[in-house]
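Chemist: Model the following, please.
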Amino acid sequence: MHRRLWRATKDWGVTLVLAAAVFHGAGQLRAPELPEQAPDFELPVLDGEPVQLADLRGASVVLNFWAPWCGPCRAEVPQFNRFARTHPEVTVLGVATDGSESSLRTARKRLDIEYPVVLADQSTVSAYGVTTLPTTVIVDTEGRVVNAHTGMLTLPQLALMVP
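Modeler: Coordinates of the predicted model:
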């Protein structure tokens, strides 16, 4: 009995690991083609001063392109909140691709987003090749794109993507 239970548990564990690898790989394959150097931008922050990507050099940056109407975007907010809390050395930005300032403030409050939300313009969305949400781009301390993923991310996936 114990042997069958152990074998079933092991089989399920292997299946879950393989499924996670497939989903992560699919997200990597769907990610946009980006230049080696991250396109610079200056975007307004909800209730704050504008942020320019070039000013963040020296720290890794997570750019999470999202919109309030996107279900997977909303579902991954707790993962990004936890990541931002446990990795204060990494700058996490929620890059809102759609919505008015008012609707984004409401969404930020309702979703309890703890990291800064910036308002993307169409040129930034185009420069990053974002056509599907959510899309997450990782920029290293030198301003280079080191990783990109399209689709929902889990906390372990996100932690593995950031240098």
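Chemist: So which residues of the chain form helices?
Modeler: Listed in chain order, the helices of the chain (DSSP state H) span 2-30, 71-86, 101-111, 122-127, 155-161.
Chemist: can you pull the contacts of V146?
Modeler: Listed by CB atoms under 8 Å, 6 or more residues apart in numbering, the contact set of V146 reads I138, V139, D140, M161, P163. (C-beta placed from N, C-alpha, C; glycine too.)
Chemist: do that again at 6 Å, thanks
Modeler: The neighbours of V146, taking CB atoms under 6 Å, 6 or more residues apart in numbering as the test, are I138, D140, P163.
Chemist: Just the buried ones among the residues you listed, please.
Modeler: Buried members of the contacts of V146, counted by 16 or more other CB atoms under 10 Å: I138, D140.
Chemist: Tabulate the contacts of V146 (a markdown table), appending pLDDT and distance to S102.
Modeler: Output for the contacts of V146, formatted as a markdown table (pLDDT from 0 to 100; distance: CB to CB, whole Å):
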| residue | pLDDT | distance to S102 |
| --- | --- | --- |
| I138 | 98 | 30 |
| D140 | 97 | 35 |
| P163 | 89 | 36 |
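Chemist: Return the closest of the contacts of V146 with respect to V62.
Modeler: For the contacts of V146, the residue nearest V62 by CB to CB is I138; the value is 5.9 Å.
Chemist: Tell me the bridge partners for that closest one.
Modeler: For I138, the beta-bridge partners under DSSP bridges are V62, N147.
Chemist: That one reaches N147, doesn't it?
Modeler: Yes - contact criterion CB atoms under 6 Å: I138 and N147 qualify, at 4.0 Å.
Chemist: which neighbours do the two share?
Modeler: Contact criterion CB under 6 Å, 6+ apart; residues shared by I138 and N147: M161.
Chemist: first vs last residue of stretch 61-77, how far apart are they?
Modeler: 16 Å (CA to CA, to the nearest Å).
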